[in-house]
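> next input, structure requested:
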Amino acid sequence: MSGQYPGQFGPPPGGTPHRPGPEPIPGRFGVPGRVLCALAPLLSVGLLGVVPSLLLAVRRRRAYDIVGAGVFCALLLTVFVSAGIAGSLQDPTADATGQTTLIVLWFAAPVHYLVMDSRAVWQAGRPRPAAPYLSPYAVTMPGYGTPVAPAAPIAAPVAPVAPVAPAAETAHDLRQLGELLRRQAREDRP
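Model (predicted):
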């Protein structure tokens, strides 16, 4: 695997560390894709009004995107049923229903897409990546196969510690992890 460094903490001593740029948000289209998705319902007079919401539902697979796609699919089905009823029975109510629904598909679909495709909505509810488990006792290999002595263990308290509740244990573990990360940052480890 080219570009991969051996060892736990990155490149060998003296090597140039890899500094990736900002991570792109997975799933969002670029500007041309967003413009095309927003223009599809406008240029097709609402007949392609389900396309943007379906794209969002397929790409993100979140409940509210699936509900939005279902609503736009129901609106399109209403247009087709109203057109069939208005054409065969000459019913003015079905004609008005179809026209209103088509107007809603024509203008609401691009607005819905642009709001739901915003950066804030894409990142809402997305879990943050978990911090990797870092053991203070791990043997690190910063060079090409040259083992290094294990890291010094975190000093234990002098006095015996009374049993703590699970929430307090978690807070204690987080403090230890924070101290370990600060120590690694001072030692200039990635």
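
> which strands or helices does the helix or strand hosting residue 64 pack on?
Under the criterion of DSSP states H and E, residue 64 resides in helix 63-89. In terms of contacts (3 or more CB pairs under 8 Å, 6 or more residues apart in numbering; DSSP states H and E), helix 63-89 is packed against helix 50-60, helix 92-116. C-betas here are computed from N, CA, C, even on glycine.

> lowest-confidence helix or strand of the chain?
Across the helices and strands of the chain, mean pLDDT, DSSP states H and E gives its lowest value to helix 119-123, namely a mean of 70.

> tell me the helix or strand right after that helix.
As assigned by DSSP H and E, the chain's next helix or strand after helix 119-123 is helix 166-186.

> need the winner for burial among the helices and strands packed on helix 63-89.
Scoring these by mean neighbour count under mean count of other CB atoms under 10 Å gives helix 50-60 as the most buried, with a mean of 20.

> can you list contacts of it?
Defining contact as CB atoms under 8 Å, 6 or more residues apart in numbering, one finds that helix 50-60 is touched by 27, 37-38, 40-41, 65-66, 68-69, 71-73, 75-76, 105, 109-110, 112-113, 116-117, 122.

> 7 Å - rerun?
Where contact means CB atoms under 7 Å, 6 or more residues apart in numbering, the residues beyond helix 50-60 that reach it are 27, 37-38, 40-41, 65-66, 68-69, 72-73, 76, 109-110, 112-113, 116-117.
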